[in-house]
Each structure stands twice: as C-alpha cells, then as structure tokens.
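> One predicted model, sequence on top.
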Amino acid sequence: MLPRHRDPSVSVDSLFVSYHGKDALRGVSFTLLPGSMTGIIGPNGAGKSTLMKSLLELIPRDHGEVRILGGSVKEARTRIAYVPQRSEIDMTFPITVIDTVLLGTYPKLGLLKRPRRQHKELAYHCLEKVGMEDFGSRQIGELSGGQEQRVFLARALAQEAELFCLDEPFVGVDAASEETIVAILKELRDQNRTVLVVHHDLSKAEAYFDGLVLLNGELVKAGPAREVCRPDILSQAYAAQLTFLEKNGVGV
C-alpha cells in the first residue's frame, strides 16, 4: 500500500487541445487525489479519450499545464499504467498471454535487461488476480473481449504503478469480466493509488466512481459522483440524450 498523502496525483490547469485547427477541449481544469477512482464521462465526441491521451502526452496539447505525481509526465512515466481502447491494439500480433503481462514489468527493468524469475512470478500473480492464470500459453488473439481486457489489466498491474488510466475498459466485455475489473480497480483505489477511467455508461457511473469529470468539449463539472450525476448537471452535457436515458435506463 502506498503512503497516505493528499497532494494531487493529477493536476490539470486550463488544458486546450485541437485537431486540424478545430477545438477538441477548451480550458479544462481539475485535480485528482491519491486513493480516488474517477470516471471521465460525456456524450459521444465530448473529448473523453482526447483528455486522457493529452494528459499522458500521447497527443499534443495546444495550451495548459499538466502535473502527474508531482512532476512532468516524462518524469512520472514508469509510475503510470495505461490501458488503451481494445480497438487500438493489434490483436493479430503473435504474442502469448503471459508475455503480454510480462511487458508490464519492462518499464522498471532498464535498457536491454530481460525479465528475471521474480518478474515472471509477478506476471503469473497478476494473471491469477484477474482470473486468467489458466490462459498463460494462449495467443492473445484467441481470447474473448472480456478475457482480453482482463489480460491488459493484468499487464497494468504488473507495472505496480501509482496512476492507472483506462480508456473505455468495459466496452465489449461480459458482465463477469466487468465485475472483476471494477473490483480490482476499487482495490487499487483502496491501496491509495489513483484510477482514472474513460466511461460511457451513465447508469453505472455513480456506483463505480468516487468522482466524475463531465465533459462536452469543455469541463461541465468535476466533483463527487453524486453531485455530478444530478439531472440538472448532466443535462448541461447530454441535453436530449438524458431524457432517453431516464425513460429507458440505458447508458449514454
């Protein structure tokens, strides 16, 4: 468990991001504390994945300051675990499940160093954690959507990071895998790690997250989930979609 402290693990100040001259994010500011699990929500095209990628310097920012774990992203790189959307991962690459998880140990190995026994034991432990210990020799492309996402989470766990960033981890997964992933993320939070998740299903947002960052091109509201999930707040981002959600009990 990490030591308890209340300095922000993520601090974002007046973030602007654009694509081909068109604004994607405008003036977004918020902070995340250690021991928190936060969802990034908003309608399609609101800039949710853009926000996460810009925080991690996977895409450029136009303006704004981002501090991660007290320093720059470059300084914190080995303390950050990132799970991208499954659609961005080449599932045809010929790699086994256990070797995929072992990749999570590489940031701390150093240049040209190979995993040792303790790293392989850690990888198997992480597979056990996500209930995938019997799949170590399988090719990653042979797995179902839920199984794939469990393996990617195991890879993130193998990094032993302080900040975990997951982009749409529940898309295309079965209910059992979603339940497993949520339980592990909450356990990480309880270990004083910081968890940030791009999420699309409003019907589960308050149950899953302590806090929410609500976007629609700009920040609508960031705060405790129960406050952000108020209909008068959500309607500022979702407008007509919210009425459909309330009537049908489905995610947006």
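Everything's here; your move.
> Could you use CA atoms for every contact and neighbour count after this?
Fine.
> And what about residue 99, helix, strand or coil?
Three-state call for residue 99 (DSSP: H, G, I helix; E, B strand; the rest coil): helix.
> Can you tell me the number of residues neighbouring it?
Using other C-alpha atoms under 10 Å, residue 99 is surrounded by 17 other residues.
> again, but for residue 122
Neighbours of residue 122 (other C-alpha under 10 Å): 20.
> again with residue 185
Quick note: residue 185 (other C-alpha under 10 Å) scores 23 neighbours.
> and what of residue 114?
Residue 114: 11 surrounding residues under other C-alpha under 10 Å.
> Find the least confident helix or strand in this structure, judged by mean pLDDT.
Scoring the helices and strands of the chain by mean pLDDT, DSSP states H and E places helix 240-248 at the bottom, with a mean of 54.
> Figure out the helix or strand that residue 127 lives in.
Element membership for residue 127, per DSSP states H and E: helix 117-129.
> Give the other helices and strands that that helix contacts.
Packing partners of helix 117-129 (3 or more C-alpha pairs under 8 Å, 6 or more residues apart in numbering; DSSP states H and E): helix 97-102, helix 145-158.
> The stretch 51-200 of the chain: strands as residue ranges?
63-68, 80-83, 163-167, 194-198 (DSSP state E, counting those that start in this stretch).
> contacting residues for residue 176?
Shown in contact with residue 176 (C-alpha atoms under 8 Å, 6 or more residues apart in numbering): no residues.
> thinking again about what came up before, okay if I get the helices and strands packed on helix 117-129 as TSV plus mean pLDDT?
Shown next, in TSV, are these (pLDDT from 0 to 100):
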stretch	mean pLDDT
helix 97-102	93
helix 145-158	94
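> quick one: which of the ones you listed is nearest residue 67?
Residue 67 lies closest, by C-alpha to C-alpha, to one member of the helices and strands packed on helix 117-129: helix 145-158, at 20.8 Å.
> Make a markdown table out of the helices and strands packed on helix 117-129 and add distance to residue 20.
Below are these laid out as a markdown table (distance: least, C-alpha to C-alpha, whole Å):
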| stretch | distance to residue 20 |
| --- | --- |
| helix 97-102 | 34 |
| helix 145-158 | 31 |
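> who wins for proximity to residue 28 among those?
Relative to residue 28, the nearest member of the helices and strands packed on helix 117-129 by C-alpha to C-alpha is helix 145-158, separated by 26.7 Å.
> contact partners of that closest one?
By C-alpha under 8 Å, 6+ apart, helix 145-158 touches 81-83, 86, 97, 100-105, 122-123, 126-127, 129-132, 140, 164, 169, 172-174, 177-178, 181.
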